[in-house]
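Asks: Generate coordinates for the sequence data below:
(one chain, ligands or ions: 1)
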Amino acid sequence: MPRPDTLQFGALLHGSGGHIAGWRYPGAHASGELDFPFCSRIATTLEDGGFSVIFIADVVAVWGHQLDSLHRTARADFFEPFTLLSALSSVTDRIGLVATATTSYNEPYTIARKLASLDHLSGGRAGWNVVTSVVPLEAANFGRDAHYGHEERYARAAEFVDVVTGLWDSYADDAVIRDKASGIYFDRDGRRAIQHDGEHFRVAGPLNIARPPQGWPVIFQAGASETGRAFAARYGEVVFTAPQTLDQAVAYRAALDAQVAEAGRDPGDVRVWPLLSPIVADTDAEAEEVLATLGSLVHEDVLRRIVQDNFGDEDFSDLDLDEPLPDFGAETDRSQSRRAGILELARSEGLTLRQLGVRFAAGGAVAGSAATIADHLTEWHASGAIDGFTVSFPYLPDTADRFVGEVLPLLAERGIFRPPSGGTLREQLGLPRPARAAVPA
Ligand SMILES: Cc1cc2nc3c(=O)[nH]c(=O)nc-3n(C[C@H](O)[C@H](O)[C@H](O)COP(=O)(O)O)c2cc1C
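Replies: Numbering: from 1, shown residues only. A predicted model of the protein is given here:
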């Protein structure tokens, strides 16, 4: 299908804010993470403002590699995504609800069922952010000494998604007839059991819920490494990315489009939404001040840890914060693309550990007046390399209110943003509804 010619927006919702020190910012809602009325108020602001999606990131552990600096962050207590999104579905009408669920520490039957349930109860608004897990502490919560290796976890992920989509197809769209006169609840010929017997999973099926309203909930993914991108090309319908520059975004899109075509899919059926962390103030200078204040609120232990956690497995505890990052090798079983990006950034700009930490804490924040932010988004839109943005609000509620209240209207005036009018999440994103796979002979 043709890509929409206007930008679409998804929000990566952390109730305490996306910036690691966001919860400390004056006026920020420090207890937002577990405050449902607050999450609900942000969700309705985003829906009313024209966001297409609320996306809940997740790890199945506290969010950090080690525990030393965690007590200085809001990353150790947060809602489980399906529970939060189910609750949000009842206070919203249109916005998409995207849950992160890892293929490394779940079973496909459980995830197929939860997503199908969320799709039914929200009237076709569910999405699944497929991740393979990046935090080593997750393994220890699921009976393993170490996390699966990078290649193995993607192989497991592919089989996992195949089983999940197979389970969603358990029933034909019109199989559950609930015909009182004949006493037939569902048509037996319209139901099938997947009988999957693979390398990682054995699942008989069928699923215990009718086919989701969208056929399949929308599949989100954020593969960045070669293997991860191949996975995105095969399965992803909305792809989250975190490019450092527009050139990187353009290169990613060209490579992804080629891989999508190679995988036998139409590149028009894949949306790319890079990460955006906007800080809007009255002037550019004021916005830069806000960003600097946020940076100053990050404790030194957190700065050191945040670089180390992004980087991989080395121990940074003895490194001087004010020295440039030593030249470690690129190999890691964790996110290879992220590590390579950090090395490149440190080398090209000669950054110290402290400067890198402040940058990561900011999550690529773009600070400026509403017009400056709108100009930035206009330039990225004009490149043709992206279809929208995954917006992480540095602190709440202010950055969300100002983005929705000041930036989106400017984009609408410029004709590059149009609030979605309704329909299922697929319809809002202009994505095709998957037909049920043909019944095997
Ligand atoms: C915007 C964005 C959000 C992400 N959210 C999560 C998440 O919630 N949980 C998680 O385990 N990984 C998350 N990731 C990490 C990705 O799933 C993936 O591991 C990462 O992009 C590295 O890609 P690679 O596995 O191909 O090296 C996210 C990545 C991006 C860019």
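Asks: Can you check the pLDDT for the nearest residue to N141 once chain neighbours are set aside?
Replies: In this structure, N141 finds its nearest non-sequential neighbour in A61, 5.5 Å apart by Cβ to Cβ, 6 or more residues apart in numbering. In short, each C-beta sits where N, CA and C put it, glycine included. pLDDT, A61: 94.
Asks: Can you give me the neighbour number for R359?
Replies: Neighbour count for R359, taken as other Cβ atoms under 10 Å: 21.
Asks: cool, and the one 4 residues further on?
Replies: Other residues within reach of G363 by the criterion other Cβ under 10 Å amount to 18.
Asks: Confirm for me that it is in contact with P274.
Replies: No: contact criterion Cβ atoms under 8 Å: G363 and P274 do not qualify, at 11.8 Å.
Asks: Show me how far stretch 319-331 is from its chain's centre.
Replies: Offset of stretch 319-331 from its chain centre (Cα atoms, centre = their mean, to the nearest Å): 29 Å.
Asks: Quick check: the residue nearest to N141 touching R144?
Replies: No: using Cβ under 8 Å, A61 is not in contact with R144; the gap is 11.9 Å.
Asks: what about the helices in the stretch 101-250 of the chain?
Replies: 108-121, 137-140, 150-168, 226-235, 246-262 (DSSP state H, counting those that start in this stretch).
Asks: got the buried residues for the second one?
Replies: Translated: helix 137-140. Buried residues in helix 137-140, counted by 16 or more other Cβ atoms under 10 Å: 137-139.
Asks: Quick one: name the residues of the chain near the ligand.
Replies: Proximity of the chain to the ligand is confined to 12, 57-59, 100, 131, 133-134, 222-225, 228, 240-242, 275, 335-338, 390 under the rule Cβ under 6 Å from any ligand atom.
Asks: Quick check: whatever residue of the stretch 1-150 of the chain ends up closest to the ligand vs H376, distance?
Replies: In the stretch 1-150 of the chain, the residue that lies nearest the ligand is A57 (3.0 Å; Cβ to the nearest ligand atom). Distance check for A57 against H376: by Cβ to Cβ, to the nearest Å, it reads 23 Å.
Asks: Between those two, which has more neighbouring residues?
Replies: Between A57 and H376, counted using other Cβ under 10 Å, A57 has the larger neighbour count: 20 against 16.
Asks: Report the spatially nearest residue to the residue of the stretch 1-150 of the chain closest to the ligand, omitting neighbours in sequence.
Replies: Nearest non-adjacent residue to A57, counting by Cβ to Cβ, 6+ apart: T100, 5.3 Å away.
Asks: wait, the one you found sits on D58?
Replies: Yes: taking contacts as Cβ under 8 Å, T100 lies within contact range of D58: 3.9 Å.
Asks: got a list of what the residue lying closest to S16 once chain neighbours are set aside touches?
Replies: With Cβ to Cβ, 6+ apart as the criterion, S16 has its nearest non-adjacent residue at 3.6 Å, and that residue is A74. Residues near A74 by Cβ atoms under 8 Å, 6 or more residues apart in numbering: 14, 16-17, 22-23, 30, 33.
Asks: P434 touches V218, doesn't it?
Replies: No: P434 is beyond contact range of V218, at 10.0 Å (criterion: Cβ under 8 Å).
Asks: More neighbours: which of these two?
Replies: The neighbour comparison of P434 against V218 (other Cβ under 10 Å) goes to V218, with 26 against 16.
Asks: Okay, and the beta partners of the more buried one?
Replies: G127 (DSSP bridges).
Asks: Now do it against G357, distance only.
Replies: Counting by Cβ to Cβ - V218 and G357 are separated by 34 Å.
Asks: on that earlier part again, and S383, which of the helices of the stretch 101-250 of the chain is closest to it?
Replies: helix 246-262 (5.7 Å; Cβ to Cβ).
Asks: what's the burial count for G388?
Replies: Around G388 there are 26 residues (other Cβ under 10 Å).
Asks: hang on, I meant H200
Replies: Considering only other Cβ under 10 Å, H200 is surrounded by 16 other residues.
Asks: cool, the one 10 residues further on as well?
Replies: The number of residues packed near A210 is 20, by other Cβ under 10 Å.
Asks: same question, the one 10 residues further on
Replies: F220 has 27 neighbouring residues, counting by other Cβ under 10 Å.
Asks: pretty sure T378 contacts G415?
Replies: No: taking contacts as Cβ under 8 Å, T378 lies outside contact range of G415: 10.1 Å.
Asks: of the two, who's got more company?
Replies: Between T378 and G415, counting by other Cβ under 10 Å, T378 is the more crowded of the two (15 against 9).
Asks: so which helix or strand takes in that one?
Replies: helix 370-383 (DSSP states H and E).
Asks: So for stretch 143-159, what gets flagged as buried?
Replies: Those would be 147-148, 150, 153-159, for stretch 143-159 by 16+ other Cβ under 10 Å.
Asks: picking up where we left off before, so the helix or strand the residue nearest to A57 falls within versus helix 108-121, what angle?
Replies: Under the criterion of DSSP H and E, T100 resides in strand 96-102. Put simply, strand 96-102 runs at 170 degrees to helix 108-121, going by axes from the mean of the first three to the mean of the last three Cα atoms, to 10 degrees.
Asks: Quick check: which helices or strands does strand 96-102 pack against?
Replies: strand 53-56, helix 81-89, helix 108-121, strand 126-131, strand 218-221, helix 425-429 (3 or more Cβ pairs under 8 Å, 6 or more residues apart in numbering; DSSP states H and E).
Asks: Convert the C-alpha atoms of the fourth one to PDB, please.
Replies: Taking C-alpha atoms only, strand 126-131 is exported to PDB below (Å, rounded to 0.1, in the frame of the first residue of the first chain):
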ATOM      1  CA  ALA A 126      -3.600  -3.500  19.500                       C
ATOM      2  CA  GLY A 127       0.000  -3.800  18.400                       C
ATOM      3  CA  TRP A 128       3.000  -5.900  19.500                       C
ATOM      4  CA  ASN A 129       6.500  -4.500  19.800                       C
ATOM      5  CA  VAL A 130       8.500  -7.700  19.300                       C
ATOM      6  CA  VAL A 131      11.800  -7.700  21.200                       C
END
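Asks: Kind regards, and thank you for your time.
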